[in-house]
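S.K.: Show me the folded form of this:
(one chain, ligands or ions: 1)
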Amino acid sequence: MSLTELIKNRRTIYQFIEKEVSLDLIQSFIEAAIYAPNHKLTEPWQFLIIGNNTQENIAKIYAENRALKYQVEDSEGYKKAFDKSLDKFCSIPQIVFVVQNLDEDSITSKEDYAACSCAIQNFQLAAWEKGVGVQWSSGPILKDSRTFDILSLDSNKHELIAALYIGYPHAVGTTQRKEVSEVIKHFD
Ligand SMILES: Cc1cc2nc3c(=O)[nH]c(=O)nc-3n(C[C@H](O)[C@H](O)[C@H](O)COP(=O)(O)O)c2cc1C
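M.R.: Now for the predicted structure:
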């Protein structure tokens, strides 16, 4: 597959089969990620590879946030939603968190976020090339102080910009883009 085909074929993956993704593969995706362009070579990222214990601990935060979105705390509905979300999070084959190291200068921070986004796309494409799917999630667990505590992060120095849910695809979606002519303007 050409690079352009790979880029156009990649889709966010929401459902995974029960199969582990090897740590060697995950490391190779991170190696691709860190070759992303980054202004002034700040290399503003960290990639946190999550093991089972940590996944279970963060699953409780994920489940609480999800259940509270739709249900009243301590209700029967809350418990069901909590348990369902807990199972869902624990069944994700592999999770990698992407951290942006914060800079005091706001322009540098903005450029560093752009660099981290490039790195994440590199990661997703390297994974897709190997038949591995990714969902870039930016949900509430990334803002929750308990997640920061579990991951030994300092919210004054770090921003959690992505939870990458990773695994072999169960199904591939068919999201489309606008026609390219709709986003191009010509100037003479
Ligand atoms: C900054 C950013 C944050 C995202 N956050 C989420 C998210 O929280 N949950 C989610 O399901 N997808 C998230 N996505 C994935 C997009 O929803 C997805 O890329 C979009 O629907 C297009 O689908 P495609 O990747 O299959 O082309 C995020 C993507 C980006 C770039």
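
S.K.: can you give me the helices in the chain?
M.R.: Assigned by DSSP state H, the helices in the chain fall at 3-9, 23-33, 52-70, 76-90, 106-129, 145-150.

S.K.: Which of the ones you listed sits closest to the ligand?
M.R.: helix 106-129 (6.7 Å; Cβ to the nearest ligand atom). No exception for glycine: its C-beta is placed from N, CA and C like everyone else's.

S.K.: residues contacting the closest residue to residue 46 other than its chain neighbours?
M.R.: Spatial nearest neighbour of residue 46, excluding adjacent residues (Cβ to Cβ, 6 or more residues apart in numbering): residue 99 at 4.1 Å. By Cβ atoms under 8 Å, 6 or more residues apart in numbering, the contact list for residue 99 reads 45, 46, 47, 48, 151, 153, 158, 159, 160, 161.

S.K.: ok, of these, which one's closest to residue 129?
M.R.: If you rank the contacts of residue 99 by distance to residue 129 using Cβ to Cβ, residue 47 comes first, at 17.9 Å.

S.K.: Could you identify the longest strand within this structure?
M.R.: Ordering each strand of the chain by length in residues (DSSP state E) puts strand 158-167 first.

S.K.: near the ligand, anything from that one?
M.R.: No. Judged by Cβ under 6 Å from any ligand atom, strand 158-167 and the ligand are separated, with a smallest distance of 6.9 Å.

S.K.: Nearest to residue 144 among the contacts of residue 99?
M.R.: residue 160 (9.0 Å).

S.K.: Of the contacts of residue 99, select the buried ones using a PyMOL command.
M.R.: Buried residues among the contacts of residue 99 (16 or more other Cβ atoms under 10 Å), as a PyMOL selection:
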select buried, resi 45+47+48+151+153+158+159+160+161
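
S.K.: Tell me the confidence at the residue positioned nearest the centre of the chain?
M.R.: Against the mean C-alpha coordinate of the chain, by Cα atoms, centre = their mean, the closest residue is residue 164 at 2.5 Å. pLDDT recorded at residue 164 is 98.

S.K.: For it, which non-adjacent residue is closest in space?
M.R.: residue 96 (4.5 Å).

S.K.: give the contact list for the one you found.
M.R.: 26, 30, 47, 48, 49, 50, 123, 163, 164, 166.

S.K.: Recalculate using a threshold of 10 Å.
M.R.: For residue 96, the contact set (Cβ atoms under 10 Å, 6 or more residues apart in numbering) comprises 21, 26, 29-30, 33, 47-50, 120, 123, 134, 162-166.

S.K.: Now, of the residues you listed, which are buried?
M.R.: Buried among these (16+ other Cβ under 10 Å): 21, 26, 29-30, 33, 47-48, 50, 120, 123, 134, 162-166.

S.K.: With respect to residue 12, which of these is nearest?
M.R.: residue 134 (7.2 Å).

S.K.: Could I get the CA-only coordinates of stretch 132-140 as CSV?
M.R.: Extracted as CSV, the C-alpha positions of stretch 132-140 are listed here (Å, rounded to 0.1, in the frame of the first residue of the first chain):
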residue,chain,number,x,y,z
VAL,A,132,-3.4,-2.6,14.2
GLY,A,133,-6.2,-0.1,14.9
VAL,A,134,-6.2,2.9,17.2
GLN,A,135,-8.8,5.2,18.8
TRP,A,136,-7.5,8.6,19.9
SER,A,137,-9.6,9.4,22.9
SER,A,138,-9.7,12.8,24.6
GLY,A,139,-12.4,11.9,27.2
PRO,A,140,-12.8,13.0,30.8
